[in-house]
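In: kindly return the folded structure for what I paste below:
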Amino acid sequence: MYKGYLCLILHGHLPFVRHPEFDYFLEENWLYEAITETYIPLILMMERLLDEKIEFKLTMSLTPPLICMLKDQLLQNRYLRHINKLIELCHREIERTRWQPHFQKLALMYLDRFLLAKDTFIRFNNDLVSAFAKIQDTGSLEIIASCATHGYLPLMEITTTSARAQVKVGVSVYEETFGKKPKGFWLPECGYQPGQDYILKECGIKYFFTEIHGILHGNPRPKYGIYAPVYCKSGVACFGRDWESAKQVWSSIEGYPGDYWYREFYRDIGYDLDFDYIKPYIHPDGIRINTGIKYYRITGSEDKQVYEPERARERAAEHAGNFMFNRERQIEYLYDVLKRKPIVVAPYDAELFGHWWFEGVMWLDFLIRKIRYDQKIFKLITASEYLQEYPRNQVITPSLSSWGWKGYNEMWLQGANDWIYPHLHKASERMAELVKLYPNENDGIRKRALNQALRELLLAQSSDWAFILATGTHTSYAIRRIKEHILRFTTLYEQIKSNSIDVEWLEDIESKDNIFANIDYRLYQ
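Out: Down below sits the predicted model:
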């Protein structure tokens, strides 16, 4: 008799970064690193569990930008070039460290990982989305939809058409990709604005997730806190994030990733080794970057010690056991208090596992196995399955919230990025104007221009640019992207209205910003 459930959610997202006009572009490495260190290890982990017939239930979001990049042939080919360079570097490292057995052992480990990543990528015909789709078809993984470009919906309150377009395009991409309607939806940054659940209702969404205070500050107060879903007045269910389980994994200070035996993310041979030696494997302009080959553990001091994979594996197993134990005690207590089976919702950025926290996928593997065999208190579940078991729930209005800094909008609306929004709001108004002027356009060129205008607006609305400006990393790139998309949108707006579309220029930006191949501007109505 299980007393409750754990809902594990991995949020897979990256901003749309694709630059065919350059042979090499630094920020494209975000995708290549995530493929090698997060997405392929997760796929291999789930395949192993299925092969061994170990029951598990996971939820994962794959945002439209990520889907489009993973399915893009140019980026697929560039990833193969990237992984081949890493394999070449590993061979050189094995030779360089021949008199340093502790380093050579790690170089061999990385070579095995990179070769396996390449083989897996090729095995799925370079299309990792098909791998996730195949796993979803087994019933062990539930993939949920998200907004078109990860637009932060609470700051679109005054441009409801933009919020609706973000959701509609996101759902459309999901349906095209997976051949079915999504049940759940990931609100970017867990950002919820009261009333926006009606947009989800329009698109057939059954549930979404929000931050803990989005539920606890709801009206009326939730009877079961965050340990049961609530229904919004629209009829869409809302699940709240559990902070207790989040802190154990998220926090680099209190959480598992900060353990001294785990690999140190910030010591990479791209920075450590002699420049002339490493130059062929970093930025062509000589800018030092991460290669993914890291030889040191966190250690707990400036004097970093060599990484020991066996000790790190032991710690991952111990931490998985600790996490399971804490959930057992938490769920036992909640079951006795609530008099019903609680659900503990634990969402994390997918890129935390494997990329930022090298042992994260290993930890997740151990956790799933331990939950299956080492306890009888709770089970893994998806949100849709929980709603089947408990279809009747309290109706409340959740409050404005996000999982960002301070819990509301400040991360995406502060001194470093507040200049963005007047431009986005004006572009939103102009997009609505264009749709009203051309409600059912048949002219091929004008229709293409209208479709591209919507692409540019959606790309400008990505929450990633405001986030980057707030954190102060890659700011020049974020500013460039915002200005480029707004400028392209404005130029298209003026050319459409004046009936003077520059076809050659349109083709150029269509080839660069080729996200959402089948987009229809009328979704903005």
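
In: need the longest strand for this structure.
Out: strand 4-12 (DSSP state E).

In: now that one, how far from the centre of its chain.
Out: Strand 4-12 has its C-alpha centroid displaced from the chain centroid by 14 Å (Cα atoms, centre = their mean, to the nearest Å).

In: partner strands of that strand and their direction?
Out: Sheet pairing of strand 4-12 (DSSP bridges) gives strand 58-62 (parallel), strand 343-349 (parallel), strand 378-380 (parallel).

In: give me the contact list for the shortest one.
Out: Under the contact criterion Cβ atoms under 8 Å, 6 or more residues apart in numbering, strand 378-380 has outside partners 2-8, 56-58, 327-328, 331, 344, 368, 371. Bear in mind the C-beta positions are built from the backbone N, C-alpha and C, glycine included.

In: which positions within the longest strand of the chain qualify as buried?
Out: 4, 5, 6, 7, 8, 9, 10, 11, 12 (16 or more other Cβ atoms under 10 Å).

In: show me which of the residues you listed is closest to residue 224.
Out: residue 4 (11.4 Å; Cβ to Cβ).

In: got a list of what the closest one touches?
Out: Each residue near residue 4 by Cβ under 8 Å, 6+ apart is listed here: 227, 331, 334, 335, 341, 342, 343, 344, 377, 378.

In: what do you get for residue 25?
Out: Taking Cβ under 8 Å, 6+ apart as the test, what residue 25 contacts is 17, 19.

In: read off the pLDDT value for it.
Out: pLDDT recorded at residue 25 is 97.

In: surely residue 259 touches residue 298?
Out: Yes: using Cβ atoms under 8 Å, residue 259 makes contact with residue 298 at a distance of 6.8 Å.

In: max pairwise distance over the contacts of strand 378-380: which two?
Out: Spanning the widest gap among those are 3 and 58, at 20.7 Å by Cβ to Cβ.

In: quick one, helices of the stretch 1-150 of the chain?
Out: 29-34, 40-51, 64-70, 73-96, 101-123, 128-136 (DSSP state H, counting those that start in this stretch).

In: tell me the most buried of the ones you listed?
Out: helix 64-70 (a mean of 25; mean count of other Cβ atoms under 10 Å).

In: and the contacts of that one?
Out: 12-18, 31, 35, 39, 75-76, 127-129, 146-150, 169-170, 173-174, 177, 462, 514-516.

In: let me see the mean pLDDT of it.
Out: 98.

In: how far off centre is it?
Out: The chain centre lies 10 Å from the centre of helix 64-70; the measure is Cα atoms, centre = their mean.

In: now swap in stretch 253-273 and tell me
Out: Distance, centroid of stretch 253-273 to centroid of chain: 22 Å (Cα atoms, centre = their mean).

In: ends of it, how far apart?
Out: 29 Å (Cα to Cα, to the nearest Å).

In: how's this structure carved up into domains?
Out: 23-253+341-406, 413-524 (automatic domain parsing).

In: quick revisit: the contacts of helix 64-70 in strands, which ones?
Out: Using DSSP E, those in strands are 12, 146.

In: ok, so of the contacts of strand 378-380, who is nearest residue 191?
Out: For the contacts of strand 378-380, the nearest to residue 191 is residue 7 (19.5 Å; Cβ to Cβ).

In: pLDDT at the closest one, what is it?
Out: pLDDT at residue 7 comes out at 98.

In: ditto for the one 5 residues further on
Out: As summarised for this prediction, residue 12 has a pLDDT of 98.

In: coming back round to it: winner for burial among the strands paired with strand 4-12?
Out: Burial of the strands paired with strand 4-12 is given as mean neighbour count (mean count of other Cβ under 10 Å); strand 58-62 ranks first at a mean of 24.

In: give me the phi and psi for the nearest residue to residue 511 once chain neighbours are set aside.
Out: Using Cβ to Cβ, 6 or more residues apart in numbering and skipping the chain neighbours, the partner closest in space to residue 511 is residue 20 (6.4 Å). Dihedral pair for residue 20: phi -70, psi -20, per degrees, to the nearest 10.

In: show me what contacts residue 20?
Out: Taking Cβ under 8 Å, 6+ apart, one finds 74, 511, 512 in contact with residue 20.

In: go on, residue 145?
Out: Residue 145 touches 61, 170, 171, 173, 174, 182, 184, 185, 186, 205, counting by Cβ under 8 Å, 6+ apart.

In: mind listing what's buried in the helix or strand harbouring residue 509?
Out: Take DSSP states H and E as the rule and residue 509 turns out to sit in helix 503-512. When burial is assessed from 16+ other Cβ under 10 Å, helix 503-512 yields the following buried residues: 506, 509.

In: quick one: that helix to chain centroid distance?
Out: 29 Å.

In: elements contacting it?
Out: helix 444-460, helix 475-497 (3 or more Cβ pairs under 8 Å, 6 or more residues apart in numbering; DSSP states H and E).

In: residue 270 sits in which helix or strand?
Out: Using DSSP H and E, residue 270 sits within helix 269-272.
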